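Enquirer: heads up, no residue letters with this:
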């Protein structure tokens, strides 16, 4: 029997794609209910509201529906339950992937901290016992002779002073930090911090030059003309301010990026797949954004900016073959 993925809209089956794994629906009641809820599969095409309750065997879910590409048994992990399905929008998929990366980094940091704690515990030597061994051959009369301890004497003579602890050779001594050493360490940290700030500033400037936004196109009319067909940056921004209030912000792109996506499609006839790769979104989302932006531009620009020329002006631009009287009551499109 060939294993097919039971998720709606998924056509994966065993042997179709290399590296794809298939997992049974869990038997644990709580985890099983979470899996069934996320899969959202109807029991039949007639009754979409009826809850799907698969049998214990015969149904598999492929690894493409897990963020990491495999089944995770840690209940604290975001990948404990499959979350990648067709009904999940692309921005939400990226957010879930980021949550998994954050979780993995925290788990790695916890493991490193535990290992460091274990190594530190092993590195600390056991404290030597201070109890004096008893000698069986010792003269019992020797205990009756009072012994004088300089420390005890000074303690009895000056009750106001606390006795200072005596350090033994075996006791670990905390190394002292001199002013010169601390100063060098602080200076090194300041230099490293300044280098990181400079690198961060250079990377931001480079990103602004390569990213398609208002800053990267400012005072660059040549690039504006190549990408959009508009002559200047001021014309580009004038049209943008007219259509921007009517664009959506639910796609992961800014209004300006949606506007540029539409103009680039009109100017260079780029494919939706290329635009999806360039802007980092799904091709279906690109198609929806393009249609919506075209509708907004038609509603907002045609009444005010797109003007139909007068008949006399059109006749001045007609070819000579069409300037006779037989073409006076015709319209050329």
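Expert: Looks like it arrived, so ask away. These numbers come from a predicted model, not from an experiment.
Enquirer: helices along the stretch 1-150 of the chain, start to end?
Expert: Remark: helices assigned in the stretch 1-150 of the chain by DSSP state H, counting those that start in this stretch are 29-39, 90-123, 150-157.
Enquirer: adding mean pLDDT, write these out as CSV.
Expert: CSV is the format used below for those (pLDDT from 0 to 100):
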stretch, mean pLDDT
helix 29-39, 86
helix 90-123, 85
helix 150-157, 42
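Enquirer: got those helices as CSV, with distance to residue 275 and mean neighbour count columns?
Expert: (Glycine included, C-beta is placed from N, CA and C.) Converted to CSV, these look like this (distance: least, CB to CB, whole Å; neighbours: other CB atoms under 10 Å):
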stretch, distance to residue 275, mean neighbour count
helix 29-39, 30, 15
helix 90-123, 13, 12
helix 150-157, 84, 10
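Enquirer: those into JSON lines, with extra columns for distance to residue 303?
Expert: As requested, these are exported to JSON lines (distance: least, CB to CB, whole Å):
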{"stretch": "helix 29-39", "distance to residue 303": "47"}
{"stretch": "helix 90-123", "distance to residue 303": "33"}
{"stretch": "helix 150-157", "distance to residue 303": "100"}
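Enquirer: so which of those helices is nearest residue 196?
Expert: Residue 196 lies closest, by CB to CB, to one member of the helices of the stretch 1-150 of the chain: helix 90-123, at 19.2 Å.
Enquirer: which ones are touching residue 35?
Expert: By CB atoms under 8 Å, 6 or more residues apart in numbering, the residues touching residue 35 are 25-26, 61, 81-82.
Enquirer: from the residues you listed, which is closest to residue 318?
Expert: residue 82 (64.8 Å).
Enquirer: ok, now which ones touch that closest one?
Expert: The contact partners of residue 82, taken as CB under 8 Å, 6+ apart, are 7, 35, 38-39, 61, 65-66.
Enquirer: repeat that with 7 Å
Expert: By CB atoms under 7 Å, 6 or more residues apart in numbering, the contact set of residue 82 is 35, 38, 61, 65-66.
Enquirer: ok, for it, nearest residue in space, not its chain neighbours?
Expert: Nearest non-adjacent residue to residue 82, counting by CB to CB, 6 or more residues apart in numbering: residue 65, 4.0 Å away.
Enquirer: how near is the one you found to residue 8?
Expert: From residue 65 over to residue 8 the distance is 11 Å, taken as CB to CB, to the nearest Å.
Enquirer: of these two, which one has the most company?
Expert: Neighbours per residue, other CB atoms under 10 Å: of residue 65 and residue 8, the larger number sits with residue 65, 25 against 13.
Enquirer: so what's the residue count around residue 236?
Expert: 22.
Enquirer: now for the helix or strand containing it, which elements pack on it?
Expert: Using DSSP states H and E, residue 236 sits within helix 233-243. For helix 233-243, the elements it packs on are helix 221-228, helix 255-268, helix 283-301, judged by 3 or more CB pairs under 7 Å, 6 or more residues apart in numbering; DSSP states H and E.
Enquirer: redo that, cut-off 8 Å
Expert: Using 3 or more CB pairs under 8 Å, 6 or more residues apart in numbering; DSSP states H and E, the elements in contact with helix 233-243 are helix 214-217, helix 221-228, helix 255-268, helix 283-301.
Enquirer: ok, back up a step: and the residue nearest to residue 82, how far from residue 29?
Expert: For residue 65 relative to residue 29 (CB to CB), the value is 21 Å.
Enquirer: which residues touch stretch 246-265?
Expert: 90-91, 94, 212-214, 227-230, 240, 243-244, 270, 275, 279-281, 285-286, 288-290, 292-294, 296-297, 299-300.
Enquirer: same deal with stretch 202-215?
Expert: For stretch 202-215, the surrounding residues in contact (CB under 8 Å, 6+ apart) are 216, 237, 254, 256-257, 260, 279.
Enquirer: now with 6 Å, please.
Expert: Applying CB atoms under 6 Å, 6 or more residues apart in numbering, the contact partners of stretch 202-215 are 216, 256, 260.
Enquirer: near the second one, how many other residues are there?
Expert: In this case it means residue 256. So residue 256, with other CB under 10 Å, has 17 neighbours.
Enquirer: swap in the first one?
Expert: Other residues within reach of residue 216, judged by other CB under 10 Å, total 13.
Enquirer: repeat that for residue 303.
Expert: 9.
Enquirer: again with residue 272
Expert: 17.
Enquirer: any idea how far residue 228 is from residue 235?
Expert: 9 Å.
Enquirer: let me redo that: residue 245
Expert: The spacing between residue 245 and residue 228, counted by CB to CB, is 20 Å.
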